[in-house]
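Chemist: Have a look; sequence and predicted model below, questions after that.
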Amino acid sequence: MDVTVARIVHRHIDVDGVRVFYRESVPERADAPVLLLLHGFPSGSHQFRGLIDALGSGYRLIAPDYPGFGQTQAPDGFSYSFDRLADITEGFVQSLGLDRLVMYVFDFGAPIGFRIAERHPEWIAGLVVQNGNAYEEGLSDAARGLIALTPQTPGVEDATQGMLTLAATRSQYETGVSDPDLIAPDGYTLDQHFLDLPGRKEAQQALIFDYHTNVERYEHWQAWLRRHTPPTLITWGRNDPFFPEPGAHAYLRDLPDAELHLFDTGHFALETHLPQIAPLIADFLDRAWK
């Protein structure tokens, strides 16, 4: 039996005072397509370990942790906003010398990735969108309630801190999943470890209060999609409690040639459907890179 195992390296790089951690596969071909993996909340680059293992020998997969997430170390006084996370991620890409890539946007990765795409459309060879929302109809009532929170909202401390518990983190993985036995506990356990580090809950609270800036940019991102029409693969967990199925279909208004695949699962679709999604991504990368 011929078994190909991806070689994966784990590194830090300094970007504007932030020590960014990232994991990267080393493919067999030096000219292999590049896939930048932008993770979600409350996760980090570790959420892509299975995908990197599956595709890393044939493609260059790069997954950074944002400031306030995973193994990345931000200085005291770092200002947590989606603009700043995009600044650091943009600097990270430039530090690696990348000038062409396919971007995988999931959850928080969508507002970060679309900011970068606006700044550098020439970088974007294609998009893989997995439960990464950019449309009003892709917001559930629960998501809208969260976005409406401000520091002045009565009871806001309890509301935001309640989202950052182990029970809430586990629920994000399991809600909408038909077979919870498919969810390995490693992901939400590791997420919670990082959430419980000093200063991390404050960072997440700041990002919750800043999320409205993403919704305010939806029209700009939709216009960007219509203008640049990047090749796009959409893989979506249709039972996502935050970003429901209409958010996936909405992309087709602006990208009628996009390829859409819906899966009977929740927010973290790779946790349950990696065997189905990984081949779709590989085929898409081969086509988009040409």
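Modeler: It's in.
Chemist: What helices and strands are in contact with the lowest-mean-pLDDT helix or strand in the chain?
Modeler: Lowest on mean pLDDT, DSSP states H and E among the helices and strands of the chain sits helix 156-162, with a mean of 87. Counting contacts by 3 or more Cβ pairs under 8 Å, 6 or more residues apart in numbering; DSSP states H and E, helix 156-162 packs against helix 200-210. Every residue, glycine included, has its C-beta placed from N, CA and C.
Chemist: Could I get the buried residue list for the helix it packs on?
Modeler: 200-201, 203-210 (16 or more other Cβ atoms under 10 Å).
Chemist: Reformat the residues you listed as a markdown table; add pLDDT.
Modeler: Output for the buried residues of helix 200-210, formatted as a markdown table (pLDDT from 0 to 100):
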| residue | pLDDT |
| --- | --- |
| 200 | 96 |
| 201 | 95 |
| 203 | 96 |
| 204 | 96 |
| 205 | 95 |
| 206 | 96 |
| 207 | 97 |
| 208 | 95 |
| 209 | 96 |
| 210 | 97 |
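Chemist: still on that earlier bit, give me the buried positions along the least confident helix or strand of the chain.
Modeler: Those would be residue 160, for helix 156-162 by 16+ other Cβ under 10 Å.
Chemist: Start at 47, not 1
Modeler: Sounds good: first residue 47 from here, last item helix 202-208.
Chemist: could you dump that helix to PDB, C-alpha only?
Modeler: Extracted as PDB, the C-alpha positions of helix 202-208 are listed here (Å, rounded to 0.1, in the frame of the first residue of the first chain):
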ATOM      1  CA  VAL A 202     -23.400  42.200  28.700                       C
ATOM      2  CA  GLU A 203     -20.600  40.900  30.900                       C
ATOM      3  CA  ASP A 204     -22.500  37.700  31.700                       C
ATOM      4  CA  ALA A 205     -23.700  37.300  28.100                       C
ATOM      5  CA  THR A 206     -20.200  37.500  26.600                       C
ATOM      6  CA  GLN A 207     -18.400  35.500  29.300                       C
ATOM      7  CA  GLY A 208     -21.100  32.800  29.000                       C
END
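Chemist: where along the stretch 97-246 of the chain do the helices fall?
Modeler: Secondary structure of the stretch 97-246 of the chain by DSSP state H, counting those that start in this stretch: the helices cover 128-141, 155-165, 187-193, 202-208, 212-220, 231-241, 246-256.
Chemist: Same list (those) but as TSV, adding distance to residue 50.
Modeler: Listed next are those as TSV, based on distance: least, Cβ to Cβ, whole Å:
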stretch	distance to residue 50
helix 128-141	27
helix 155-165	27
helix 187-193	40
helix 202-208	44
helix 212-220	29
helix 231-241	23
helix 246-256	36
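Chemist: Compare the ones you listed and say which comes out lowest on pLDDT.
Modeler: If you rank the helices of the stretch 97-246 of the chain by mean pLDDT, helix 202-208 sits at the bottom with a mean of 87.
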